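Trainee: any chance you can model this:
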Amino acid sequence: MKKYVILFCFTLVILGATIHYSSARSADLKLTALGDSITHGTGDPSKQGYMERVKALLEKKKNVAVQISNFAVPKYTTDNILAQLDRDKINKEIKAADYLILYIGTNDFRRSAGYNFNKIDEKRMGIGEAKFTANLHKILEHLRNKNQTAPILVLGLYHPYHESEDAKKILQLIEHWNEEIHTVTNGYTQTYFVPTLDLFTTNNHFSDALHPNSAGYQLIADRLYEVMLKLDG
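Mentor: I've put the predicted structure just below:
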(Lines give C-alpha, C1' and ligand atoms only; values in the text may rest on other atoms or scores of the structure.)
Protein backbone atom coordinates (compact mmCIF):
# COMPACT_ATOMS: atom_id res chain seq x y z
CA MET A 1 0.00 0.00 0.00
CA LYS A 2 2.99 2.29 0.45
CA LYS A 3 4.01 4.32 -2.57
CA TYR A 4 7.03 6.60 -2.71
CA VAL A 5 8.13 9.11 -5.28
CA ILE A 6 11.39 10.93 -4.61
CA LEU A 7 12.22 13.93 -6.73
CA PHE A 8 15.67 15.52 -6.69
CA CYS A 9 16.64 18.85 -8.21
CA PHE A 10 20.19 20.16 -8.02
CA THR A 11 21.76 23.30 -9.38
CA LEU A 12 25.51 23.40 -8.79
CA VAL A 13 27.70 26.41 -9.40
CA ILE A 14 31.24 25.41 -8.46
CA LEU A 15 32.49 28.86 -7.58
CA GLY A 16 29.16 30.40 -6.63
CA ALA A 17 28.37 27.53 -4.26
CA THR A 18 24.65 27.59 -5.12
CA ILE A 19 22.70 24.39 -4.39
CA HIS A 20 18.94 23.98 -4.83
CA TYR A 21 17.40 20.79 -3.47
CA SER A 22 13.80 19.68 -3.29
CA SER A 23 12.10 16.40 -2.45
CA ALA A 24 8.54 15.16 -2.33
CA ARG A 25 6.90 11.94 -1.23
CA SER A 26 3.52 10.80 -2.47
CA ALA A 27 0.83 9.75 -0.02
CA ASP A 28 1.05 6.30 1.53
CA LEU A 29 -2.67 6.41 2.34
CA LYS A 30 -5.49 8.17 0.55
CA LEU A 31 -8.69 8.83 2.49
CA THR A 32 -11.82 9.96 0.68
CA ALA A 33 -14.65 11.27 2.86
CA LEU A 34 -18.30 12.06 2.13
CA GLY A 35 -20.75 13.61 4.53
CA ASP A 36 -22.32 16.72 6.03
CA SER A 37 -21.20 19.43 8.46
CA ILE A 38 -19.78 16.89 10.91
CA THR A 39 -17.33 15.51 8.36
CA HIS A 40 -16.76 19.11 7.21
CA GLY A 41 -15.67 19.95 10.75
CA THR A 42 -18.23 22.63 11.66
CA GLY A 43 -17.91 23.77 15.26
CA ASP A 44 -14.20 23.09 15.59
CA PRO A 45 -12.28 26.35 16.24
CA SER A 46 -9.14 24.80 14.74
CA LYS A 47 -11.12 23.76 11.63
CA GLN A 48 -9.54 20.30 11.75
CA GLY A 49 -12.67 18.27 12.41
CA TYR A 50 -12.21 14.55 12.80
CA MET A 51 -10.66 14.00 9.36
CA GLU A 52 -7.57 16.15 9.93
CA ARG A 53 -7.23 14.66 13.39
CA VAL A 54 -7.29 11.07 12.15
CA LYS A 55 -4.74 12.10 9.52
CA ALA A 56 -2.48 13.44 12.27
CA LEU A 57 -2.85 10.21 14.25
CA LEU A 58 -1.98 8.05 11.25
CA GLU A 59 1.02 10.15 10.28
CA LYS A 60 2.41 10.30 13.81
CA LYS A 61 1.76 6.78 15.06
CA LYS A 62 2.16 4.81 11.84
CA ASN A 63 4.74 7.06 10.16
CA VAL A 64 2.82 7.32 6.89
CA ALA A 65 1.96 10.24 4.62
CA VAL A 66 -1.81 10.73 4.38
CA GLN A 67 -3.81 12.54 1.70
CA ILE A 68 -7.40 13.56 2.41
CA SER A 69 -10.09 14.25 -0.17
CA ASN A 70 -12.98 15.61 1.89
CA PHE A 71 -16.18 16.26 -0.08
CA ALA A 72 -18.41 16.90 2.92
CA VAL A 73 -20.86 19.80 2.70
CA PRO A 74 -22.85 21.25 5.63
CA LYS A 75 -26.58 20.42 5.65
CA TYR A 76 -26.14 17.51 3.24
CA THR A 77 -28.51 14.55 3.37
CA THR A 78 -28.26 11.17 1.66
CA ASP A 79 -30.16 12.74 -1.28
CA ASN A 80 -27.32 15.25 -1.70
CA ILE A 81 -24.66 12.52 -1.48
CA LEU A 82 -26.38 10.58 -4.25
CA ALA A 83 -26.35 13.69 -6.44
CA GLN A 84 -22.66 14.22 -5.60
CA LEU A 85 -21.83 10.76 -6.87
CA ASP A 86 -22.57 11.88 -10.43
CA ARG A 87 -19.45 14.08 -10.38
CA ASP A 88 -16.40 12.74 -12.21
CA LYS A 89 -13.96 14.42 -9.81
CA ILE A 90 -15.48 12.68 -6.81
CA ASN A 91 -15.60 9.31 -8.53
CA LYS A 92 -11.93 9.65 -9.45
CA GLU A 93 -11.04 10.12 -5.78
CA ILE A 94 -13.32 7.27 -4.74
CA LYS A 95 -11.50 4.92 -7.12
CA ALA A 96 -8.08 6.02 -5.85
CA ALA A 97 -8.91 5.79 -2.14
CA ASP A 98 -7.33 3.37 0.33
CA TYR A 99 -10.18 4.11 2.76
CA LEU A 100 -13.67 5.46 2.09
CA ILE A 101 -15.32 7.27 4.99
CA LEU A 102 -19.03 8.06 5.10
CA TYR A 103 -20.71 10.02 7.89
CA ILE A 104 -24.25 10.90 6.84
CA GLY A 105 -27.74 10.76 8.30
CA THR A 106 -27.87 13.56 10.85
CA ASN A 107 -29.76 15.86 8.50
CA ASP A 108 -31.98 13.02 7.27
CA PHE A 109 -32.89 12.43 10.92
CA ARG A 110 -33.49 16.12 11.60
CA ARG A 111 -35.62 16.51 8.47
CA SER A 112 -37.66 13.45 9.44
CA ALA A 113 -38.33 15.04 12.83
CA GLY A 114 -39.51 18.24 11.15
CA TYR A 115 -36.69 19.97 13.08
CA ASN A 116 -38.88 19.77 16.18
CA PHE A 117 -37.20 17.72 18.92
CA ASN A 118 -39.64 18.50 21.70
CA LYS A 119 -42.52 16.63 20.12
CA ILE A 120 -41.49 13.68 17.97
CA ASP A 121 -43.84 12.24 15.34
CA GLU A 122 -42.78 8.58 15.28
CA LYS A 123 -44.77 7.78 12.13
CA ARG A 124 -43.02 10.55 10.24
CA MET A 125 -39.69 9.40 11.64
CA GLY A 126 -40.37 5.89 10.35
CA ILE A 127 -41.03 7.19 6.85
CA GLY A 128 -37.82 9.19 6.97
CA GLU A 129 -35.85 6.21 8.22
CA ALA A 130 -37.07 4.04 5.36
CA LYS A 131 -35.97 6.63 2.81
CA PHE A 132 -32.61 7.07 4.54
CA THR A 133 -32.02 3.31 4.54
CA ALA A 134 -32.84 3.01 0.83
CA ASN A 135 -30.51 5.88 0.00
CA LEU A 136 -27.72 4.40 2.13
CA HIS A 137 -27.97 1.17 0.15
CA LYS A 138 -27.60 3.13 -3.10
CA ILE A 139 -24.61 5.07 -1.80
CA LEU A 140 -22.77 1.96 -0.63
CA GLU A 141 -23.52 0.12 -3.86
CA HIS A 142 -21.99 3.01 -5.78
CA LEU A 143 -18.91 3.21 -3.58
CA ARG A 144 -18.28 -0.52 -3.77
CA ASN A 145 -18.79 -0.59 -7.54
CA LYS A 146 -16.27 2.22 -8.01
CA ASN A 147 -13.73 0.76 -5.58
CA GLN A 148 -13.78 -2.98 -4.90
CA THR A 149 -10.93 -3.10 -2.37
CA ALA A 150 -10.93 -0.08 -0.04
CA PRO A 151 -12.60 -0.56 3.34
CA ILE A 152 -15.72 1.59 3.68
CA LEU A 153 -16.15 3.02 7.17
CA VAL A 154 -19.70 4.18 7.91
CA LEU A 155 -20.06 6.20 11.11
CA GLY A 156 -23.21 5.97 13.17
CA LEU A 157 -25.27 8.82 14.58
CA TYR A 158 -24.82 10.39 18.01
CA HIS A 159 -27.34 12.12 20.32
CA PRO A 160 -26.98 15.91 20.71
CA TYR A 161 -30.57 16.51 21.86
CA HIS A 162 -30.10 15.95 25.60
CA GLU A 163 -32.05 19.08 26.54
CA SER A 164 -35.12 18.21 24.44
CA GLU A 165 -38.41 17.25 26.06
CA ASP A 166 -38.40 14.02 24.09
CA ALA A 167 -34.71 13.25 24.73
CA LYS A 168 -35.34 9.62 25.78
CA LYS A 169 -37.54 8.91 22.78
CA ILE A 170 -35.00 10.56 20.49
CA LEU A 171 -32.31 8.30 21.93
CA GLN A 172 -34.41 5.24 21.16
CA LEU A 173 -34.94 6.45 17.60
CA ILE A 174 -31.23 7.16 17.07
CA GLU A 175 -30.42 3.69 18.38
CA HIS A 176 -32.85 2.24 15.85
CA TRP A 177 -31.38 4.28 12.99
CA ASN A 178 -27.95 3.06 14.01
CA GLU A 179 -29.18 -0.52 13.98
CA GLU A 180 -30.36 0.06 10.41
CA ILE A 181 -27.00 1.54 9.41
CA HIS A 182 -25.26 -1.46 10.94
CA THR A 183 -27.55 -3.88 9.11
CA VAL A 184 -27.01 -2.13 5.78
CA THR A 185 -23.21 -2.08 6.14
CA ASN A 186 -23.21 -5.81 6.88
CA GLY A 187 -24.57 -6.40 3.40
CA TYR A 188 -21.43 -5.12 1.66
CA THR A 189 -17.94 -6.52 1.56
CA GLN A 190 -15.21 -4.68 3.47
CA THR A 191 -17.81 -2.28 4.88
CA TYR A 192 -17.88 -1.50 8.58
CA PHE A 193 -20.15 0.32 11.02
CA VAL A 194 -18.30 2.70 13.35
CA PRO A 195 -20.41 3.70 16.39
CA THR A 196 -20.28 7.20 17.84
CA LEU A 197 -23.35 7.22 20.12
CA ASP A 198 -21.40 6.08 23.18
CA LEU A 199 -18.92 8.95 22.73
CA PHE A 200 -21.47 11.72 23.38
CA THR A 201 -23.43 10.97 26.54
CA THR A 202 -23.41 14.56 27.86
CA ASN A 203 -23.21 18.08 26.44
CA ASN A 204 -19.53 18.46 27.36
CA HIS A 205 -18.30 17.67 23.85
CA PHE A 206 -20.52 19.99 21.83
CA SER A 207 -19.78 23.45 20.44
CA ASP A 208 -23.48 24.20 19.84
CA ALA A 209 -26.78 22.31 19.85
CA LEU A 210 -25.57 19.89 17.17
CA HIS A 211 -21.85 19.93 16.36
CA PRO A 212 -18.91 18.56 18.35
CA ASN A 213 -16.26 20.84 19.79
CA SER A 214 -12.54 20.13 19.45
CA ALA A 215 -12.65 17.46 22.15
CA GLY A 216 -15.68 15.85 20.53
CA TYR A 217 -14.02 15.68 17.13
CA GLN A 218 -10.97 14.13 18.77
CA LEU A 219 -13.18 11.39 20.20
CA ILE A 220 -14.48 10.58 16.72
CA ALA A 221 -10.96 10.63 15.27
CA ASP A 222 -9.69 8.31 18.00
CA ARG A 223 -12.53 5.86 17.35
CA LEU A 224 -11.91 5.93 13.60
CA TYR A 225 -8.18 5.42 14.11
CA GLU A 226 -8.85 2.41 16.36
CA VAL A 227 -10.96 0.79 13.65
CA MET A 228 -8.30 1.44 11.02
CA LEU A 229 -5.66 -0.15 13.24
CA LYS A 230 -7.75 -3.30 13.58
CA LEU A 231 -8.36 -3.48 9.84
CA ASP A 232 -4.67 -2.97 9.14
CA GLY A 233 -4.02 -6.00 11.26
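
Trainee: where do the helices sit along this structure?
Mentor: 37-40, 49-61, 78-84, 88-96, 106-112, 122-146, 167-185, 214-232 (DSSP state H).

Trainee: tell me which of those helices sits most buried.
Mentor: helix 37-40 (a mean of 24; mean count of other C-beta atoms under 10 Å). Every C-beta, even on glycine, is put in place using the N, C-alpha and C of the backbone.

Trainee: that older thread, turn the helices of the chain into a markdown table, columns for mean pLDDT.
Mentor: As requested, the helices of the chain are exported to a markdown table (pLDDT from 0 to 100):
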| stretch | mean pLDDT |
| --- | --- |
| helix 37-40 | 97 |
| helix 49-61 | 97 |
| helix 78-84 | 98 |
| helix 88-96 | 98 |
| helix 106-112 | 98 |
| helix 122-146 | 97 |
| helix 167-185 | 97 |
| helix 214-232 | 96 |
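
Trainee: any idea which of these gets closest to S69?
Mentor: When those are compared by C-beta to C-beta, helix 88-96 sits nearest S69, at 4.1 Å.

Trainee: just how off-centre is that closest one within its chain?
Mentor: Chain-centre distance of helix 88-96: 16 Å, with C-alpha atoms, centre = their mean, to the nearest Å.

Trainee: helices or strands up against it?
Mentor: If you count contacts as 3 or more C-beta pairs under 8 Å, 6 or more residues apart in numbering; DSSP states H and E, helix 88-96 packs onto strand 29-35, helix 122-146.

Trainee: and the ones you listed: which comes nearest E179?
Mentor: Once the helices and strands packed on helix 88-96 are compared by C-beta to C-beta, helix 122-146 is nearest, at 10.2 Å.

Trainee: and L199, which of the helices of the chain is closest to it?
Mentor: Ranking the helices of the chain by proximity to L199 (C-beta to C-beta) places helix 214-232 first, at 4.4 Å.

Trainee: chain center to that closest one, what's the gap?
Mentor: 11 Å.

Trainee: one more: stretch 187-207?
Mentor: 10 Å.

Trainee: before we move on, what about stretch 58-69?
Mentor: On C-alpha atoms, centre = their mean, the centre of stretch 58-69 falls 16 Å from the chain's centre.
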